[in-house]
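*Asks:* following is a predicted model, sequence given first.
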Amino acid sequence: IAWLRGAKGLEWIELVAVTIKLAIILGVLAALLSFDIVEGAAWFQHEAITELSLIQTTAMLAGMLMVTQGFETARFMGEQYNPEQRINAVKYSQGIAITLYVVFIGLTCPIFLTFPITELNETTISHTLGKAVWVLPFLLLIAATASQLSAALADTIGGGGLLKELVQWRLSNNVYYMLIIVLALFLVWSANVFEIINLASKGFALYYLMQVLIAISLVWKLPRNGVLIWPRVVLMGVLGIGLVFVIGWSIPAPHS
């Protein structure tokens with residue numbers, strides 16, 4: 001599809017996958033909310049949380065920050081959409097994703113108080129959620145499959161666009177998409193999946209840090225005209241420091 005239809009073909013598949021995923025996610029959130037209301041359990045009273053220091057909690061949260069990233073794909077679709085549409089797409093998708101993640105994590109907290117887990121891994125978490133609402137593991141499996149499909153398609157479009165900017169060969173976008181797909185297949189078969197996730201997370205943080213530094217330099221060069229630029233520079237500096245922390249000191253949640 002990447003070779004024959006290019007970005008439009010990939011975009012159509014991603015639209016279907018995202019639609020299925022969002023429909024399932026909303027259903028899951030409704031099921032979790034109903035369970036929490038009926039049980040009346042408390043939030044954020046888990047023993048594992050109370051035993052962590054502030055530094056450990058912050059480092060763990062930094063490790064989860066990369067979960068809600070990855071919406072720069074629209075940047076490389078200038079041939080299909082104007083700048084305003086692409087900017088809004090990035091902003092809205094980022095906001096929606098963060099909201100869904102925060103709400104989902106909050107709604108699952110009471111479940112793990114009612115049904116404590118002995119091992120922290122994907123299988124145990126899914127099994128525990130199934131104790132609360134029996135259909136959740138099946139819905140989450142479908143949603144996860146659709147999510148990975150849409151993420152792979154988005155990364156193919158974004159990676160192909162970035163490769164085109166860096167290499168600048170006189171090739172069609174479809175060729176760059178195929179190069180990214182071949183490279184991804186090689187990585188999947190030659191490296192450990194957790195190593196790939198770790199490298200990708202830190203790589204994204206480094207990528208965004210470079211964007212922050214570029215933004216600071218551009219803002220600094222803007223004509224003053226009585227406009228204060230210090231608030232913007234300070235805000236971007238704080239973002240940069242946060243990204244440096246993610247790159248150097250973020251840690252995964254304890255798992256088995």
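*Replies:* Structure received.
*Asks:* I'd assumed M236 was in contact with A215.
*Replies:* Yes - counting by C-beta atoms under 8 Å, A215 touches M236, with 5.6 Å between them. Glycine gets a C-beta too; all of them are placed from N, C-alpha and C.
*Asks:* when those two are compared, which one has more neighbours?
*Replies:* In terms of neighbours (other C-beta atoms under 10 Å), M236 is the more surrounded of A215 and M236; the figures are 19 against 16.
*Asks:* ok, that one - contacts?
*Replies:* M236 sits next to 212, 215-216, 219 when contact means C-beta atoms under 8 Å, 6 or more residues apart in numbering.
*Asks:* filter the residues you listed down to the buried ones.
*Replies:* 212, 215-216 (16 or more other C-beta atoms under 10 Å).
*Asks:* I'd like those as a markdown table, with distance to V175, secondary structure and pLDDT appended.
*Replies:* Converted to a markdown table, these look like this (distance: C-beta to C-beta, whole Å; DSSP: H, G, I helix; E, B strand; the rest coil; pLDDT from 0 to 100):
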| residue | distance to V175 | secondary structure | pLDDT |
| --- | --- | --- | --- |
| V212 | 31 | helix | 91 |
| A215 | 31 | helix | 90 |
| I216 | 35 | helix | 90 |
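*Asks:* between those residues, which is nearest Q168?
*Replies:* A215 (23.2 Å; C-beta to C-beta).
*Asks:* apart from its neighbours in sequence, what residue is nearest S126?
*Replies:* P137 (4.6 Å; C-beta to C-beta, 6 or more residues apart in numbering).
*Asks:* which secondary structure element contains the one you found?
*Replies:* Per DSSP states H and E, P137 falls inside helix 136-167.
*Asks:* packing partners for that helix?
*Replies:* helix 6-39, helix 122-132, helix 173-190 (3 or more C-beta pairs under 8 Å, 6 or more residues apart in numbering; DSSP states H and E).
*Asks:* export those helices as JSON lines, with columns for mean pLDDT.
*Replies:* Converted to JSON lines, these look like this (pLDDT from 0 to 100):
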{"stretch": "helix 6-39", "mean pLDDT": "79"}
{"stretch": "helix 122-132", "mean pLDDT": "74"}
{"stretch": "helix 173-190", "mean pLDDT": "83"}
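*Asks:* now render those as a markdown table, adding distance to S93.
*Replies:* Output for the helices and strands packed on helix 136-167, formatted as a markdown table (distance: least, C-beta to C-beta, whole Å):
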| stretch | distance to S93 |
| --- | --- |
| helix 6-39 | 9 |
| helix 122-132 | 24 |
| helix 173-190 | 20 |
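*Asks:* go through the ones you listed and name the closest to S147.
*Replies:* So among the helices and strands packed on helix 136-167, helix 6-39 is nearest, using C-beta to C-beta, at 5.3 Å.
*Asks:* just checking, what packs against that closest one?
*Replies:* Helix 6-39 packs on helix 83-114, helix 136-167, helix 173-190, going by 3+ C-beta pairs under 8 Å, 6+ apart.
*Asks:* if we go to 10 Å?
*Replies:* helix 83-114, helix 122-132, helix 136-167, helix 173-190 (3 or more C-beta pairs under 10 Å, 6 or more residues apart in numbering; DSSP states H and E).
*Asks:* just the CA trace of the last one, in CSV.
*Replies:* Extracted as CSV, the C-alpha positions of helix 173-190 are listed here (Å, rounded to 0.1, in the frame of the first residue of the first chain):
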residue,chain,number,x,y,z
ASN,A,173,7.8,9.6,-1.1
ASN,A,174,6.7,6.0,-1.7
VAL,A,175,10.3,4.9,-2.0
TYR,A,176,11.2,6.6,1.3
TYR,A,177,8.2,4.8,3.0
MET,A,178,9.5,1.5,1.7
LEU,A,179,13.0,2.2,3.0
ILE,A,180,11.6,2.9,6.5
ILE,A,181,9.5,-0.3,6.4
VAL,A,182,12.6,-2.4,5.4
LEU,A,183,14.7,-0.8,8.2
ALA,A,184,11.9,-1.4,10.7
LEU,A,185,11.6,-5.1,9.7
PHE,A,186,15.4,-5.5,10.2
LEU,A,187,15.3,-3.9,13.7
VAL,A,188,12.4,-6.1,14.8
TRP,A,189,14.1,-9.3,13.7
SER,A,190,17.6,-8.3,14.9
